[in-house]
Structures are given as structure tokens and as C-alpha cells.
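Novice: here you go, sequence then predicted model.
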Amino acid sequence: MAIDFNELANAIVTADLDTAVSLTRKGVDDGKADGRDPGEVAKEILNKGLIGGMDIISELWTQEKIFIPEVLLSAKAMHACMGTLRPILEASKEPPRGIVVIGTVKGDLHDIGQNIVTMMLKGNGFEVHNIGPNSSPEKFMTKAKEVGANLIGLSALLTTTMPMQRETIKAFEEAGLLEKMAIMVGGAPVTSDWAEKIGADGYAPDAAHAVGLAKTLMQDLQAS
């Protein structure tokens, strides 16, 4: 008998880690007992339960009905569940929604915002490589080539480091890497006008919008 995916999603939303993990494990065990393909079972649990819950969290964040502590707790519950699903998904070669390299640009030591974006993207099925704060264009490019990234996330929390977003995009362009990648930017002082001015493929004002933008950019890349 399949688990109640709404119950699992609600456990993620309410950050009920014990219930979320218990339901995830039960879903895997029930699928095994029914003779179903483990990869398909894990994918169903991920999409209908865990990502379903994180989608609700994204919407609540957008509506300013929850704040950073709630997002972090829900993300923690989701990642605890992934401890059960990840080995199964990796064994079944289930591809991620996209591969993202994210970090804060060179000269900027802030990382809270991009850490939240990282967790939200992971919670929505993306493979994310967070290279941290104070990351040079070379560091972004090296990691992007290493992991075969589709998306690059550039965070800047200071007006003085915003120009480094432009320099990083320029470096990617000069290296001929933008044909198969898209770049998204964000950060407190960043605006959609700035993103357009520097040639970014998209701008997100917060983590919830970053998830939506990442999904849209991946669709565009796959369609091109």
C-alpha cells in the first residue's frame, strides 16, 4: 500500500523530521514488498512527497508567510529523507533536474542567501555544487567544467561587488561556455535591470524565485 504523499509533503512543510523520514522509509519498504522498481519508487517519493513539500515552502516564502528559520528546518527534514533515497536514485541513474554551480562572487564574504538557495534547489531535485563566498570567475568556470554544469548562480550582497557578477559573466562568455549554460544572479542590491544590463539569463530576488527561475532556464536549455 502506497504512503500518503500529502502526509509526507505536510511533514516537510511542518519540519516534522521523524515523520518525514519514517514515511520515506515506509514508502521504500512498501515498494520493495510490492515488487516495484526501487528507482521508480524513490523517484515517486521524491517528486510527490519531498519536492511537493518544498514547493509549498517556496510558495509560503514568496508570500512572506514563513521566514528563514522555517525554510532551514524544512530543508533539514527533506535532506534527512534524501539520506534514504539518494543511494537508490544514484543506483538507478536517476538524473537530476539540472546541475548548478553557485557561489558568492569574488570580494564578497556573505553566504547566507546563497546557502538558502542551495538548499531550496537541492530540495527541488537539482544537483548543486556550492563553491562558497569570495569566488573568482576562474573558480566558477573550473567547477562548472568539472561537474558539467547547466546553471551558474552568482550572488552579490554588496553594491561594491556587483560588478564582479558582470566580470564573471564576461569570463564565461570569452571562454565560450555560455552556449550550453545559463547564468542567474541575485543578492540584496541586485535588480532585474542590473541582470539585463550585465547579460545574465535571469534574476531572482529570493530563494523561492530562484527555484522557479532555475526550472525555467533548464526548460529553455533543453529546448534549444
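Specialist: Everything's here; your move.
Novice: can you give me the buried ones in the longest helix seen in the chain?
Specialist: In terms of residue count, the longest helix belonging to the chain (DSSP state H) is helix 68-91. Within helix 68-91, the residues scored as buried using 16 or more other Cβ atoms under 10 Å are 70-71, 73-75, 77-78, 81-82, 84-85, 88-89. Every C-beta, even on glycine, is put in place using the N, C-alpha and C of the backbone.
Novice: now do stretch 111-123
Specialist: Quick answer for stretch 111-123 (16+ other Cβ under 10 Å): 111, 113-123.
Novice: and the contacts of the longest helix of the chain?
Specialist: By Cβ atoms under 8 Å, 6 or more residues apart in numbering, the list of residues contacting helix 68-91 from outside reads 11-17, 20-21, 24-25, 28, 38-39, 41-43, 45-46, 49-50, 53-54, 57, 60-61, 112, 116, 119-120, 122-123, 207.
Novice: likewise for stretch 20-29?
Specialist: 2-4, 7-8, 11-12, 38, 41-42, 44-45, 49-50, 53, 77-78, 80-81, 83-85, 88.
Novice: name the helices or strands packed onto the very next helix or strand once past the longest helix of the chain?
Specialist: Remark: after helix 68-91, the chain's next helix or strand is strand 99-104, criterion DSSP states H and E. Here strand 99-104 touches helix 112-123, strand 127-130, helix 137-147, strand 151-155, going by 3 or more Cβ pairs under 8 Å, 6 or more residues apart in numbering; DSSP states H and E.
Novice: pLDDT averaged over the first one - what is it?
Specialist: Per-region confidence: helix 112-123 scores 83 on mean pLDDT.
Novice: where in the chain is pLDDT low?
Specialist: For the chain, the stretches with pLDDT under 70 are 1, 94.
Novice: so for it, the centremost residue is which one?
Specialist: Leu121 (1.2 Å; Cα atoms, centre = their mean).
Novice: my guess is it contacts Val211, does it?
Specialist: Yes: if you go by Cβ atoms under 8 Å, Leu121 and Val211 touch, sitting 6.1 Å apart.
Novice: got the buried residues for stretch 159-173?
Specialist: Those would be 161-162, 164-166, 168-169, 172, for stretch 159-173 by 16+ other Cβ under 10 Å.
Novice: JSON lines for the helices and strands packed on strand 99-104, including distance to Ser192?
Specialist: Formatted as JSON lines, the helices and strands packed on strand 99-104 follow (distance: least, Cβ to Cβ, whole Å):
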{"stretch": "helix 112-123", "distance to Ser192": "17"}
{"stretch": "strand 127-130", "distance to Ser192": "23"}
{"stretch": "helix 137-147", "distance to Ser192": "21"}
{"stretch": "strand 151-155", "distance to Ser192": "14"}
